[in-house]
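**Student:** Sequence and predicted structure are below.
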Amino acid sequence: MKSPDLPLVSFKLDGREVQAIQGETILQAADRLGVQIPRLCYKEGYRPDGNCRSCVVEVGGERVLAPSCCRAVTPGMDVKATSERARKSQAMVVEMLLADLPEHGFKWTDAEGRRGQHGELSQWAEALGVTPRPELVALRRDEPMPDVSHPAMSVNLEACIQCTRCVRACREEQVNDVIGYALRGNSSKVVFDLDDPMGDSTCVACGECVQACPTGALMPKTMVGSQVVDRKVDSVCPFCGVGCLVTYNVRDEKIVSVEGRDGPANHGRLCVKGRFGYDYVHHEQRLIKPLVRKPGVPKEIGDTPAHWSDVFREATWEEALDLAGGKLRQLRDTHGAKSLAGFGSAKGSNEEAYLFQKLVRTGFRSNNVDHCTRLCHASSVAALLEGVGSGAVSNQVNDVENAELILVIGSNPTANHPVAATWMKNAAKAGRKIVLADPRVTDIGRHAWRIMQFKPDTDVAMLNAIIHTVIEEGLADEAFVRERASNYEALRQNVKDYSPEAMAPICGVPAQVLRDVARAFAKAKGAMILWGMGVSQHVHGTDNARCLIALSTVTGQIGKPGSGLHPLRGQNNVQGASDAGLIPMMFPNYQRVDNAQAHAWFEKFWNTPLDPRPGYTVVEIMHKALADDTDPHKIRGMYIMGENPAMSDPDLNHARHALASLEHLVVQDIFMTETAWLADVVLPASAWPEKTGTVSNTDRMVQLGRRALNPPGDAKPDLWILQQIARRVGLDWNYPGEECGVAAVYEEMRQAMHAAIAGISWQRLERESSVTYPCLSEDDPGQPIVFTERFPTQDGKVKLVPADIIPADERPDAQYPFVLITGRQLEHWHTGSMTRRAAVLDAIEPMATASMNGGDLSALGLQPGDVITVQSRRGEVAIHVRRDDGTPTGAVFIPFAYYEAAANLMTNAALDPFGKIPEFKYCAVKVLSGGTPRAPAGYGTGATPANALAA
């Protein structure tokens with residue numbers, strides 16, 4: 001819908017003098033003015049196609065009827081939308097389409113309780129009083145066989161009216177280019193790729209076509225037979241940091257399907273995880289009772305979650321909580337505050353993150369609290385806080401539509417942030433230039449103007465060469481640098497020796513490409529940088545991010561539309577959890593714990609003495625768990641909520657040894673994760689669809705998720721568990737209200753983060769669902785673009801920090817000649833505890849694979865599908881190999897979601913000195929032919945899909 005701020009256009013609609021917003025179509029204006037016009041090929045937000053002709057109207061002075069969906073209103077236009085002639089034509093189209101459809105269909109029920117067989121077509125038939133005549137029904141076409149080859153979706157072309165919504169959904173909205181329209185005349189039809197079965201096509205299962213289809217020709221398999229649901233509940237997707245708004249469809253107390261909502265981050269779009277990855281909440285392996293470790297059972301990770309009873313016994317909540325909290329309190333009182341630590345979760349709500357860090361700081365009495373941001377963007381945040389004074393993004397992802405150049409570096413957005421990637425692909429189709437900079441050429445490269453496939457570990461060399469070119473060729477925005485940056489001269493001197501010609505042999509990118517990119521970036525009206533963990537997960541991750549900050553600054557590409565810095569956040573609430581203070585050196589809203597003023601404020605606010613020293617980070621806590629007993633800061637007890645460090649930490653043998661060595665470990669989760677196997681007490685918690693709370697996405701949007709289900713069995717809400725543990729360590733907490741006081745916790749957090757979210761009240765979130773921060777008053781719409789006038793630093797300027805080449809902690813050599821790169825893949829997420837228990841996701845990608853370049857496979861005498869053993873100095877895995885020519889020669893890529901082939905058994909725990917992030921993205925490995933892959937850990941099927949190992 002067009003903005004009401006645009007000029008108005010006067011016209012007549014069914015005899016009334018009315019006004020349209022300039023640029024509106026007749027159909028859009030009619031909808032806004034309450035006049036119903038049928039439509040089938042039209043979908044709000046899509047390009048209008050005008051091919052079904054069910055929306056035709058009379059326009060004064062014109063001989064033929066006009067499709068209202070693609071006809072703009074003009075001044076003085078006289079439109080008759082409900083005249084006899086218009087209605088007769090509309091009804092005829094609907095009747096002919098309905099007559100061609102089979103008698104069977106799927107059941108639908110609208111808000112008024114009306115039912116029909118063929119979705120929107122039946123709805124419009126009822127609204128227009130249409131019943132197909134027998135002579136038309138007799139001419140019904142032959143029904144093609146249904147295609148049920150895809151794990152998630154059913155294709156029923158007998159119900160297809162060839163409206164082409166699915167084609168536009170696939171090719172123009174998601175830009176996946178799978179669905180097409182083929183053949184001619186009576187043979188014309190919708191096809192997948194080269195008329196392949198959907199399950200054999202290149203479909204990525206985003207489900208946009210399913211959501212677009214008006215008749216059920218494409219639909220989720222879970223809804224075949226009946227679309228009737230008991231209730232619809234609005235929430236937020238529980239997976240990546242894009243923060244798509246969703247609606248859960250609930251029937252018989254189970255989520256049966258998910259629809260994308262028109263949220264500011266997704267505008268109805270979803271990916272395969274958001275649309276089809278929801279049934280993990282109903283998995284038979286959900287934890288439903290508190291568990292206590294049996295005496296004398298050694299702490300080892302079990303092979304099958306179903307065998308938990310060999311290690312644990314069921315307990316009452318009272319017993320489990322008394323043991324969990326009582327032992328933590330005893331360790332604190334006996335060995336001191338530093339003897340305890342807590343890992344919170346980026347998969348839960350802001351309220352849970354806030355309460356967890358408050359529990360550690362006020363109950364455990366130290367700042368030993370961290371979460372997975374330490375393992376993903378800690379170095380990015382360190383550089384951003386140092387340079388621009390804020391750890392969040394400057395511009396939102398969909399602002400790429402206002403950019404002329406989009407630099408995507410160290411990120412695979414089509415796999416890790418698929419909906420965000422659609423905005424980038426849309427921008428490329430609109431003529432924007434995408435530059436992909438990555439050691440791996442990923443799918444977004446198909447849409448790129450330039451690809452800089454640099455050698456792993458050479459980010460600083462490449463970026464300094466680009467900055468050198470900008471400065472050397474006089475392309476720097478001198479006014480911006482003079483007025484809004486500091487330390488520029490040091491940067492300029494530092495990059496003098498980093499010419500593209502000197503750096504090209506180091507980074508592997510031709511000098512001319514480096515110069516082309518530098519010139520295009522500097523000259524663009526707007527240039528935006530989006531990066532992922534390929535930038536941050538290095539010992540020089542902070543330096544990598546410093547270079548990105550410098551590049552944006554010297555070109556003046558920050559603080560305006562289509563520009564700026566955007567570290568794409570990995571988990572659904574990693575931004576919010578960090579904002580809420582779930583990090584060892586920061587109180588909520590990034591106020592340092594060793595800042596005297598901030599420290600005094602929080603002591604008064606929480607009415608308790610606080611530790612003035614930063615706590616230990618994730619990896620440091622593991623080291624301290626294995627410290628000698630004489631160490632006064634030895635970690636002896638831990639409380640882990642919704643994290644799985646026994647899969648996500650580097651050098652897993654070391655991390656698992658550390659967890660198993662603790663005197664007391666309490667794990668709060670929804671499944672028997674690898675970490676839970678090592679616990680003394682396991683507390684069954686609530687999954688995301690079972691709670692009400694807020695999350696903050698990568699775009700700085702605070703968004704409200706609503707409870708759709710109750711937790712199974714005796715599982716409890718996380719907020720309730722937190723408050724029970726707090727009481728048992730000596731805190732007198734009682735947050736009043738529904739859902740364990742979620743609104744009260746949020747409002748307390750809002751006070752602690754007043755400078756960011758003062759204007760986002762709980763009532764406003766209930767009303768609006770999503771509000772962007774900074775938002776300082778109730779009438780503040782929020783600020784999607786920040787740093788427009790000054791930076792939140794002491795002097796209001798960017799602090800430029802020069803960076804030099806620092807090699808990886810561990811380099812390939814004759815014994816270990818390959819580089820291991822780890823990451824995520826489209827179908828699975830984080831450590832796999834949720835997505836591998838989602839039936840569709842596991843069916844599409846059930847097996848762990850390592851990706852290698854075809855040249856390397858040939859040199860090693862390997863074929864796709866062979867088993868290889870990948871070995872580092874710390875561990876090894878046996879795994880099937882997959883050909884991927886986007887993976888560079890000399891590298892192996894392994895996703896880290898598979899327990900049976902845990903990539904982090906091999907990764908290096910060496911830390912970035914500033915962000916304290918491990919070097920997940922680079923370590924030396926060898927590749928050996930053969931080996932025996934482990935069986936899946938009891939929750940994946942282990943089946944090999946036909947196309948799993950193909951190029």
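**Tutor:** Great, that's in hand.
**Student:** Was I right to think residue 661 contacts residue 623?
**Tutor:** No. Look at residue 661 against residue 623 with C-beta atoms under 8 Å: they stay out of range, at 11.3 Å. Every residue, glycine included, has its C-beta placed from N, CA and C.
**Student:** Where do the helices of the stretch 201-350 of the chain begin and end?
**Tutor:** Under the criterion DSSP state H, counting those that start in this stretch, the stretch 201-350 of the chain contains helices at 208-212, 272-276, 317-335, 350-359.
**Student:** just the stretch 1-150 of the chain next, same as before
**Tutor:** Using DSSP H, counting those that start in this stretch, helices in the stretch 1-150 of the chain cover 26-32, 84-99, 119-128, 134-137.
**Student:** Save those as a markdown table, and put in mean pLDDT, mean neighbour count and distance to residue 676 too.
**Tutor:** Listed next are the helices of the stretch 1-150 of the chain as a markdown table, based on pLDDT from 0 to 100; neighbours: other C-beta atoms under 10 Å; distance: least, C-beta to C-beta, whole Å:
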| stretch | mean pLDDT | mean neighbour count | distance to residue 676 |
| --- | --- | --- | --- |
| helix 26-32 | 97 | 22 | 51 |
| helix 84-99 | 94 | 18 | 54 |
| helix 119-128 | 91 | 21 | 43 |
| helix 134-137 | 71 | 11 | 59 |
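**Student:** closest to residue 823 out of those helices?
**Tutor:** Proximity to residue 823 (C-beta to C-beta) singles out helix 119-128 among these, at 39.1 Å.
**Student:** Relative to residue 919, how far out is the closest residue to residue 806 other than its chain neighbours?
**Tutor:** Once flanking residues are discounted, residue 806 sits nearest to residue 540: 4.3 Å by C-beta to C-beta, 6 or more residues apart in numbering. Per C-beta to C-beta, to the nearest Å, residue 540 is found 9 Å from residue 919.
**Student:** Overlap of the contact sets of the two?
**Tutor:** Taking C-beta atoms under 8 Å, 6 or more residues apart in numbering as the contact rule, residue 540 and residue 919 both touch 808, 912.
**Student:** pLDDT score assigned to residue 788?
**Tutor:** pLDDT for residue 788: 96.
**Student:** Quick check, it in contact with residue 558.
**Tutor:** No. Using C-beta under 8 Å, residue 788 makes no contact with residue 558, being 9.4 Å away.
**Student:** Name the residue in the two with the higher neighbour count.
**Tutor:** Neighbour totals were compared for residue 788 and residue 558, and residue 558 leads with 29 against 11 (other C-beta atoms under 10 Å).
**Student:** contacting residues for the more buried one?
**Tutor:** For residue 558, the contacting residues are 388, 394, 552, 564-565, 787, 798, by C-beta under 8 Å, 6+ apart.
**Student:** And the closest residue to residue 244 other than its chain neighbours, how far from residue 768?
**Tutor:** The spatially closest residue to residue 244, leaving aside those adjacent along the chain, is residue 266, at 3.7 Å (C-beta to C-beta, 6+ apart). Distance check for residue 266 against residue 768: by C-beta to C-beta, it reads 16 Å.
**Student:** out of the two, which sits in the more crowded spot?
**Tutor:** Set residue 266 next to residue 768 and count neighbours by other C-beta under 10 Å: residue 266 wins out with 26 against 15.
**Student:** Could you pull up the contacting residues of the more buried one?
**Tutor:** Per C-beta under 8 Å, 6+ apart, neighbours of residue 266: 237, 242-245, 260, 419.
**Student:** From residue 275, how far out is it?
**Tutor:** Counting by C-beta to C-beta, the gap from residue 266 to residue 275 is 11 Å.
**Student:** Mutual contacts of those two, please.
**Tutor:** In contact with both residue 266 and residue 275: residue 260, using C-beta under 8 Å, 6+ apart.
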